[in-house]
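**Q** Sequence plus predicted model, see below.
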Amino acid sequence: MEGFTALYIFMLAAFTGYEVISRVPVILHTPLMSGSNFVHGVVLVGAMVVLGHADADSPLQLAIGFVAVFLGAANAAGGYVVTERMLAMFNKSGNTKKGGAQ
Amino acid sequence: MTAKWFIDASYFAVAVVFILALKAMSSPVTARRGIVWGGIAMVFATLVTFATPGLHNVGLMIVAIVSGAAVAWWSGKTVKMTDMPQMVAIYNGMGGGAAAAIAALEFARGEIHGTVVTLLAVLGALIGSVAFSGSCIAFAKLQGIMKKAWRLPAQNAVNVLLGLLVLVLGGMIVIADALQPGLVIAFFVLALLLGVILTSPIGGADMPVVISLLNAFTGLAVGFEGYVLGNPALIVAGIVVGASGTLLTQLMAKAMNRPISNVLFTPISGAAAGGGESIEGSMREFSALDAASVMRYASKVVIVPGYGMAVAGAQHKVWEMAQLLEEGGVEVVFAIHPVAGRMPGHMNVLLAEAGVPYDKIFDLEEINADFPQADVALVIGANDVVNPVARTDKTSPIYGMPILNVDMAQNVIVVKRGKGAGYSGIENALFYKDNCRMLYGSAQQAIAEVITHVKALEA
């Protein structure tokens, strides 16, 4: 990728991230932090690509690649589960006015 | 139409869906949909990646994916809601670790060429490593594995020196003609150490800001490694998270009136909290019966929950009490300070778990004007966020922090375990005010007693 093209992508993505979040109500800050934590779990894809091109005869490379994929998968899966659990509770409490007690 | 074209197109679609998912998460109504779309996109991206031409080690890869996902899935499903913050911290740290490991593997393969690529690989590795080790420390602290915040003598000087040293090593990697393994290893070790040293002295109250900051760090690291791998989806997802995480960190730091530089370099500690004028007067105690009758015959009650309530697991009892009062014609609302709980919005999640509808929950700006009209402000396990010295005492370490003005209510009832000072160790002037009464006991048991008395009043 050419340097300046990448720089433009960086710039536009940064503004997008700022804009997308700027109108979020405080009550959603925690699920949102968790949700954005899930989104960077896409690092899994990058980890898969590097492990896929690692030298199969080098234990060091395989080990680092394995760690990268393992951590990336945990980031994505954990981020998803935790975010989904939090947001599921919001839906429940929004719909049933008298849920909860007894 | 080649496999490469198909993969690139898929990644593009995935990046679009991620942004839409984050956008959907900005409203309570669409938030759930947002995360589900994101999840589908993530699974799709993972499957598509298997079609990458020349992909080896697929068996090992599947083992890594399945084991990593299974461990995280299980821990995420079983964790208690009060322990959410440290789970977010540890998953985030794993993402940072993955980004750093990608850089490490690219260095090991000798696949990093060109100044710009090396520079971004090094930056991503540095930021990812700091996010990884820093998040592990944050996890250990919130989980209670690491009890004390320890400070080195001349902590700030050590931070700066270590930071400079890592940057110098990184710079040497960038300008070196050939790869020197020793240099790279030293760089990673010091970067990991930097994360530990930076986060260790930070106290519990500042933890949410740190987790948010490390989340933004991981985003940036992922974005930079995305450039190294020539993968625009990683760049977009990473940088979007980096930017939004930075904004979120600023919002949080602002809510606490603690500039991010202060959070990192001058943590509130018992010694620093020693400042502030001493407070005259005495605390007056209230019985559960008194509290029950004052609230039962009030027309408006504002409940201010804090982390103490969450730790006691009292949110269900509190909501039961609120419903009981509402049946008696009392208007009950909840007021939440931005940093109540351990992360912004954490308290909202805990209340939602107990079944409190979100239209009864108000944040600081919405509710502060209403306190003078409230008959009762019931403070449960909150302390520093209702301390009026933040408005009045310029010498106090929390001066200037926006607080909930509960002292303006007609009556204030504080449910508290004992007479000690708050999390930050600062005396609370609220407790000595004429309109304030203390109801001692754990939140769970105190509220249960109030419920019994309210029921008796109805009969």
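**A** Structure's in. What do you need? Numbering: from 1, shown residues only, chains lettered A, B, ... in the order given.
**Q** what about the strand or helix carrying residue B:302, near chain A?
**A** Assigned by DSSP states H and E, residue B:302 falls within strand B:300-305. No - Strand B:300-305 stays clear of chain A (CB under 8 Å from any CB of the partner chain), getting no nearer than 13.2 Å. Every C-beta, even on glycine, is put in place using the N, C-alpha and C of the backbone.
**Q** List the pairing partners of that strand within its sheet, with orientation.
**A** Strand B:300-305 has the following strand partners under DSSP bridges: strand B:331-336 (parallel), strand B:376-380 (parallel).
**Q** Most tightly packed of those?
**A** Mean neighbour count (mean count of other CB atoms under 10 Å in any protein chain shown) peaks for strand B:376-380 among those, with a mean of 28.
**Q** circling back to that earlier point, how far off centre is the strand holding residue B:302?
**A** Chain-centre distance of strand B:300-305: 24 Å, with CA atoms, centre = their mean, to the nearest Å.
**Q** Any chance you could give me it in CSV, C-alpha atoms only?
**A** The C-alpha trace of strand B:300-305 is given here as CSV (Å, rounded to 0.1, in the frame of the first residue of the first chain):
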residue,chain,number,x,y,z
LYS,B,300,-39.7,12.3,45.3
VAL,B,301,-36.7,10.1,46.2
VAL,B,302,-33.5,10.1,44.3
ILE,B,303,-31.3,7.0,44.7
VAL,B,304,-27.6,7.4,44.2
PRO,B,305,-26.0,4.0,44.0
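**Q** if we can go back for a sec, kindly reformat the strands paired with strand B:300-305 as TSV containing mean pLDDT and distance to residue A:71.
**A** Formatted as TSV, these follow (pLDDT from 0 to 100; distance: least, CB to CB, whole Å):
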stretch	mean pLDDT	distance to residue A:71
strand B:331-336	93	34
strand B:376-380	93	39
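**Q** hmm, back to that, which is the next helix or strand following the strand holding residue B:302?
**A** helix B:307-312.
**Q** Following element in sequence after that following helix, please.
**A** Following helix B:307-312 in sequence, per DSSP H and E, is helix B:315-327.
**Q** Can you give me the buried ones in the strand holding residue B:302?
**A** Burial within strand B:300-305, assessed by neighbour count using 16 or more other CB atoms under 10 Å in any protein chain shown, is assigned to B:300, B:301, B:302, B:303, B:304, B:305.
**Q** re earlier: tell me which of the strands paired with strand B:300-305 sits nearest to residue A:67.
**A** strand B:331-336 (39.4 Å; CB to CB).
**Q** Tell me what angle that closest one forms with helix B:315-327.
**A** For strand B:331-336 against helix B:315-327, the angle by axes from the mean of the first three to the mean of the last three CA atoms, to 10 degrees is 150 degrees.
**Q** longest helix of chain A?
**A** Counting by DSSP state H, the longest helix found in chain A is helix A:59-95.
**Q** Whether it contacts chain B - can you check?
**A** Yes - counting by CB under 8 Å from any CB, contacts between helix A:59-95 and chain B involve A:60-62, A:64-94.
**Q** just the buried members of the residues you listed?
**A** The buried subset of the residues of helix A:59-95 next to chain B - by 16+ other CB under 10 Å - is A:61-62, A:64-87, A:89-90, A:92-94.
**Q** what's the burial count for residue A:27?
**A** 23 (other CB atoms under 10 Å in any protein chain shown).
**Q** The closest residue in space to it that isn't next to it in sequence and residue B:385, how far apart?
**A** Setting aside the residues directly before and after it, residue A:27 is nearest to residue B:348 in space (CB to CB, 6 or more residues apart in numbering or on different chains), at 3.9 Å. Here the criterion is CB to CB, to the nearest Å. By it, residue B:348 lies 14 Å from residue B:385.
**Q** Helix, strand or coil: sort out the residue in the stretch 151-300 of chain B that chain A sits nearest to for me.
**A** The stretch 151-300 of chain B approaches chain A most closely through residue B:243 (3.1 Å), counting by CB to the nearest CB. Assigned with DSSP: H, G, I helix; E, B strand; the rest coil, residue B:243 falls in the helix class.
**Q** so how many other residues sit close to it?
**A** Neighbour count for residue B:243, taken as other CB under 10 Å: 26.
**Q** Residue 85: what's it in contact with?
**A** With no chain named, the answer covers chain A. By CB atoms under 8 Å, 6 or more residues apart in numbering or on different chains, the contact set of residue A:85 is B:76, B:77, B:81.
**Q** other chain: chain B
**A** For residue B:85, counting by CB under 8 Å, 6+ apart, the contacting residues are A:30, B:142, B:207, B:208, B:211, B:341, B:342, B:343, B:346.
**Q** which stretches of the stretch 201-350 of chain B form helices?
**A** With DSSP state H, counting those that start in this stretch applied, the stretch 201-350 of chain B shows helices at B:207-229, B:232-255, B:260-265, B:288-296, B:307-312, B:315-327, B:346-354, listed in chain order.
**Q** What is the longest one packed up against?
**A** In other words, helix B:232-255. Here helix B:232-255 touches helix A:3-22, helix A:29-39, helix A:43-52, helix B:3-24, helix B:207-229, helix B:260-265, going by 3 or more CB pairs under 8 Å, 6 or more residues apart in numbering or on different chains; DSSP states H and E.
**Q** and if you look at the third one?
**A** Here helix B:260-265 is seen to pack against helix B:155-175, helix B:207-229, helix B:232-255 when contacts are counted using 3+ CB pairs under 8 Å, 6+ apart.
**Q** now the last one: mean pLDDT?
**A** Same thing as helix B:232-255. If you average the pLDDT over helix B:232-255, you get 88.
**Q** Check which residues of that helix are buried.
**A** Residues B:232-253, B:255 are the ones in helix B:232-255 that count as buried (16+ other CB under 10 Å).
**Q** and the residue of chain B nearest chain A?
**A** Closest point on chain B to chain A, by CB to the nearest CB, is residue B:355, at 2.2 Å.
**Q** export the contacts of residue B:85 to a markdown table and tack on pLDDT, distance to residue B:151 and neighbour count?
**A** Output for the contacts of residue B:85, formatted as a markdown table (pLDDT from 0 to 100; distance: CB to CB, whole Å; neighbours: other CB atoms under 10 Å in any protein chain shown):
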| residue | pLDDT | distance to residue B:151 | neighbour count |
| --- | --- | --- | --- |
| A:30 | 82 | 28 | 28 |
| B:142 | 85 | 19 | 24 |
| B:207 | 81 | 16 | 21 |
| B:208 | 81 | 20 | 32 |
| B:211 | 90 | 20 | 29 |
| B:341 | 71 | 25 | 27 |
| B:342 | 68 | 21 | 24 |
| B:343 | 71 | 24 | 27 |
| B:346 | 80 | 26 | 26 |
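**Q** which stretches of chain A have low pLDDT?
**A** In the predicted model of chain A, residues A:1, A:91-102 satisfy pLDDT under 70.
**Q** about what we covered before: what I need now is the helices and strands packed on helix B:232-255 written out in a markdown table, including distance to residue B:403 for each item.
**A** Below are the helices and strands packed on helix B:232-255 laid out as a markdown table (distance: least, CB to CB, whole Å):
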| stretch | distance to residue B:403 |
| --- | --- |
| helix A:3-22 | 24 |
| helix A:29-39 | 18 |
| helix A:43-52 | 39 |
| helix B:3-24 | 31 |
| helix B:207-229 | 17 |
| helix B:260-265 | 18 |
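**Q** Of all these, which one comes closest to residue B:88?
**A** Comparison of these against residue B:88 by CB to CB identifies helix A:29-39 as nearest, at 5.0 Å.
**Q** now for the closest one, which elements pack on it?
**A** For helix A:29-39, the packing partners by 3+ CB pairs under 8 Å, 6+ apart come out as helix A:59-95, helix B:3-24, helix B:31-49, helix B:84-109, helix B:207-229, helix B:232-255, helix B:346-354.
**Q** quick one: the closest residue to residue B:391 other than its chain neighbours and residue B:260, what's the gap?
**A** Nearest residue to residue B:391, sequence neighbours excluded (CB to CB, 6+ apart): residue B:403, at 6.7 Å. With distances taken as CB to CB, residue B:403 is found 20 Å from residue B:260.
**Q** Isn't the residue nearest to residue A:27 up against residue B:338?
**A** No - counting by CB atoms under 8 Å, residue B:348 does not reach residue B:338; the two are 10.3 Å apart.
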